[in-house]
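Asks: Here's my sequence, what's the structure:
(2 chains)
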There are 2 protein chains.
Amino acid sequence: MKKKKKVNAAILIIGNEILSGRTQDKNIAFLSNWLNVNCGISVLEVRIIPDVEKTIIKNIRLLSKQFDYVFTTGGIGPTHDDITAASIAKAFGLKYGYHREAFKILESYYGKEKFNDGRKKMAKMPTTAKLIYNPSSAAPGFMTKNVLSFPGVPSILNSMIENCKRYLVRGLMVHSRTLNLFTVESNISKQLGMIQKKYKKFVDIGSYPFFRLGKIGVSVVSRSTSKKKLQEVNKELLILIKSKKLKILKI
Amino acid sequence: MKKKKKVNAAILIIGNEILSGRTQDKNIAFLSNWLNVNCGISVLEVRIIPDVEKTIIKNIRLLSKQFDYVFTTGGIGPTHDDITAASIAKAFGLKYGYHREAFKILESYYGKEKFNDGRKKMAKMPTTAKLIYNPSSAAPGFMTKNVLSFPGVPSILNSMIENCKRYLVRGLMVHSRTLNLFTVESNISKQLGMIQKKYKKFVDIGSYPFFRLGKIGVSVVSRSTSKKKLQEVNKELLILIKSKKLKILKI
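Replies: Numbering: from 1, shown residues only, chains lettered A, B, ... in the order given. The predicted structure is shown next:
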């Protein structure tokens, strides 16, 4: 069996509505979690940019070089502000036009009569792209080199995500363990820092305050590609928790 | 009266918990909306990056050059993974250490006895930074050159945001109007595109699908710093809506 390696990705959210604060993004958390759990792919950077051609082109070129995969959301619909497909074609110097299979899918979905110019636009993309089928509204996403493009509407994105799996190389999954404690960060920060230092190469330990039932708490989250090292860290954390007489909160 | 100009900003979200999908970000939409409405500052880019020193330094240097302001969230607490303050000091070649006023604030908040090393760490930052007072948990945010740093916990960030207003130059506010229609994008995409083309220099028109009560709809959002131009676009949209016999949905 070929040994799995770390595989990474960036997410590029394209859309003025997210940048302006009008719409609360829901795709970042979904994509990042799905990629890790299902494909062992770690998201290492996210960018949110406006619907501006030169900004899209610049970011596509840069991120596709820096990361194994780039996942874009938004800007592949039928209206004038949907410029993701054309911009990606430009970024890679590829022909932009009707994708033969996408055109057929949409024509048969709408029927020849209702297949107007707006709908036809959704078949336009880099002509050599691989399609990501869309079970909820037909208009496919697509993969251009290492860039995978999805629509921005979360329910549609969620419905089609499984269909990109076959294009992806699986990597090492990051496992995590969470301990929720009713305490304040500064009560355990010193010891946490020491444990983190000891396991620096293998485990990332994060500490995140929360508020619940009028009390302050801390979630200690350990993340690693090695289950064994995670287990070791967990043991050390349990010793710390015992020494401080803290209770672990079940959620 | 000095004529207002466009003022822009970038948001830099620092934190593995957002990148991994464990935590759903709530600060982007809040900050972007608050900055526009209260200060006339438009957010033009958002990045989410991990708690990695060299990544933070690189992004702080880059974004602080490209934008009028940079707003960071996360990484200014008491634990080992809170490295934002130290990284910003390094990015600008500034001294990192106890900030005299921040130290006093925290010492008086906790009392000398309970002012342990973890809590003291929250007074460490670029020593020449301007403070952003925190009414909910004392530990201040800070402004270093054009970079403003806030904690990641949304309720705390929200409570202190007003306290950074005095450091900001006000710009032109972007006004917006939204028309919600029960139709599909492809039914109006051609005409929308024509209106957008006509007002290209003054107004951004966005089109966003929604689902409600089992029906598909489109929100048409127009945005501009000019109320007059926005009014003109709205008139043209109302003519389009009438010609298509669409109903405007009140929300």
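Asks: B:Gly152 versus A:Leu44, what's the distance?
Replies: A:Leu44 sits 18 Å away from B:Gly152, taking C-beta to C-beta, to the nearest Å as the criterion. Using the backbone N, CA and C atoms, a C-beta is placed for each residue, glycine as well.
Asks: Check A:Asn187 too.
Replies: For A:Asn187, the distance to B:Gly152 - C-beta to C-beta - is 19 Å.
Asks: Give me the more crowded residue out of these two.
Replies: Each of A:Asn187 and B:Gly152 had its neighbours counted (other C-beta atoms under 10 Å in any protein chain shown), and the higher figure belongs to B:Gly152 (25 against 17).
Asks: helix/strand/coil for the more buried one?
Replies: Under the three-state scheme (DSSP: H, G, I helix; E, B strand; the rest coil), the conformation of B:Gly152 reads as coil.
Asks: what residues are up against it?
Replies: A:208, B:13-15, B:18, B:27, B:73-75 (C-beta atoms under 8 Å, 6 or more residues apart in numbering or on different chains).
Asks: change it to 7 Å
Replies: B:Gly152 makes contacts with B:15, B:73-74, as judged by C-beta atoms under 7 Å, 6 or more residues apart in numbering or on different chains.
Asks: quick one: which of the residues you listed is nearest to B:Lys198?
Replies: In terms of C-beta to C-beta, no member of the contacts of B:Gly152 lies closer to B:Lys198 than B:Thr73, at 38.8 Å.
Asks: Let me know how buried A:Lys4 is, in neighbour terms.
Replies: A:Lys4 - counted by other C-beta under 10 Å - has 13 other residues nearby.
Asks: typo on my end, it should be A:Lys165
Replies: A total of 13 residues lie near A:Lys165 under the criterion other C-beta under 10 Å.
Asks: separation between it and A:Val153?
Replies: Noted for A:Lys165: a distance of 20 Å to A:Val153, by C-beta to C-beta.
Asks: How about A:Tyr69?
Replies: 21 Å.
Asks: which of those two has more neighbours?
Replies: Under the criterion of other C-beta under 10 Å, the comparison of A:Tyr69 against A:Val153 puts A:Tyr69 first, with 25 against 20.
Asks: That one and A:Thr144 touch, don't they?
Replies: No: with contact defined as C-beta atoms under 7 Å, A:Tyr69 and A:Thr144 do not form a contacting pair (11.4 Å).
Asks: burial measure for A:Asn234, as a count.
Replies: In terms of burial, A:Asn234 registers 15 neighbours under the definition other C-beta under 10 Å.
Asks: what secondary structure does it sit in?
Replies: Three states are possible here, and by three-state DSSP the one that applies to A:Asn234 is helix.
Asks: and it, what does it touch?
Replies: A:177, A:222.
Asks: buried residues in stretch A:118-130?
Replies: Neighbour-count burial for stretch A:118-130, counted by 16 or more other C-beta atoms under 10 Å in any protein chain shown, picks out A:118-126, A:129-130.
Asks: Next: stretch A:153-165.
Replies: Buried-residue list, stretch A:153-165, by 16+ other C-beta under 10 Å: A:153-154, A:156-161, A:164.
Asks: from these, which is closest to B:Leu94?
Replies: Using C-beta to C-beta as the measure, the one of the buried residues of stretch A:153-165 that approaches B:Leu94 most closely is A:Pro154, at 41.2 Å.
Asks: So the closest one is in contact with A:Lys26, correct?
Replies: Yes: look at A:Pro154 against A:Lys26 with C-beta under 7 Å: they come within range, at 4.5 Å.
Asks: Any idea how many residues pack against the residue nearest to A:Gly171 when sequence neighbours are not counted?
Replies: Taking C-beta to C-beta, 6 or more residues apart in numbering or on different chains, and ignoring the residues beside it in sequence, A:Gly171 has A:Val7 as its nearest neighbour in space, at 2.8 Å. When neighbours are defined as other C-beta under 10 Å, A:Val7 has 19 of them.
Asks: Test of understanding: give the bridge partners of A:Val7.
Replies: Beta bridges link A:Val7 to A:Ile41 when assigned by DSSP bridges.
Asks: Need the distance between the two termini of stretch A:141-161.
Replies: 9 Å (C-alpha to C-alpha, to the nearest Å).
Asks: what mean pLDDT would you report for that stretch?
Replies: In this model, stretch A:141-161 has a mean pLDDT of 97.
Asks: Also stretch A:32-46?
Replies: Here stretch A:32-46 scores 97 as its mean pLDDT.
Asks: Can you list the buried residues in it?
Replies: A:32, A:34-36, A:39-46.
Asks: distance between the ends of it?
Replies: The distance separating the two terminal residues of stretch A:32-46, taken as C-alpha to C-alpha, comes to 10 Å.
Asks: which residues are contacting it?
Replies: For stretch A:32-46, using C-beta under 7 Å, 6+ apart, the contacting residues are A:4, A:6-11, A:13, A:28, A:67, A:69, A:161, A:165, A:168, A:170-174, B:19-21, B:47-50.
Asks: what about 8 Å?
Replies: Contacts made with stretch A:32-46 from outside it, assessed by C-beta under 8 Å, 6+ apart, are listed as A:4, A:6-13, A:28, A:31, A:63, A:66-69, A:71, A:161, A:165, A:168, A:170-174, B:13, B:18-22, B:46-50.
Asks: Can you flag which of the residues you listed belong to helices?
Replies: In helices, judged by DSSP state H, the following of the contacts of stretch A:32-46 are found: A:28, A:31, A:63, A:66, B:18-19.
Asks: and the gap between the residue in the stretch 151-251 of chain A positioned nearest to chain B and A:Gln231?
Replies: Of the stretch 151-251 of chain A, the residue with the smallest distance to chain B, taken as C-beta to the nearest C-beta, is A:Ser186 at 3.2 Å. In this structure, A:Ser186 and A:Gln231 are 27 Å apart, going by C-beta to C-beta.
Asks: Same question for A:Ser108.
Replies: 53 Å.
Asks: Could you do A:Glu107 as well?
Replies: The span separating A:Glu107 from A:Gln231 equals 55 Å under the rule C-beta to C-beta.
Asks: Neighbour count: the two, which is higher?
Replies: The residue with more neighbours, out of A:Glu107 and A:Gln231 and counting by other C-beta under 10 Å, is A:Glu107; that gives 16 against 13.
Asks: from memory that one sits against A:Phe115, does it?
Replies: Yes: the pair formed by A:Glu107 and A:Phe115 meets the contact definition of C-beta atoms under 8 Å, at 5.1 Å.
Asks: just checking, A:Met125 is part of a strand?
Replies: Yes: the secondary structure assignment for A:Met125 places it in a strand, going by three-state DSSP.
Asks: Report the contact partners of it.
Replies: Counting by C-beta under 8 Å, 6+ apart, A:Met125 has contacts A:76, A:85, A:88-89, A:96, A:99, A:102, A:142, A:144, A:149.
Asks: what do you get for A:Ser176?
Replies: The neighbourhood of A:Ser176, defined by C-beta under 8 Å, 6+ apart, consists of A:221-224, A:230, B:20, B:22.
Asks: what do you get for A:Lys26?
Replies: If you count contacts by C-beta under 8 Å, 6+ apart, A:Lys26 has them with A:154, B:24.
Asks: now do 6 Å
Replies: Residues near A:Lys26 by C-beta atoms under 6 Å, 6 or more residues apart in numbering or on different chains: A:Pro154.
Asks: Show the backbone phi and psi for it.
Replies: Dihedral angles of A:Lys26 (phi, psi; degrees, to the nearest 10) stand at phi -120, psi 0.
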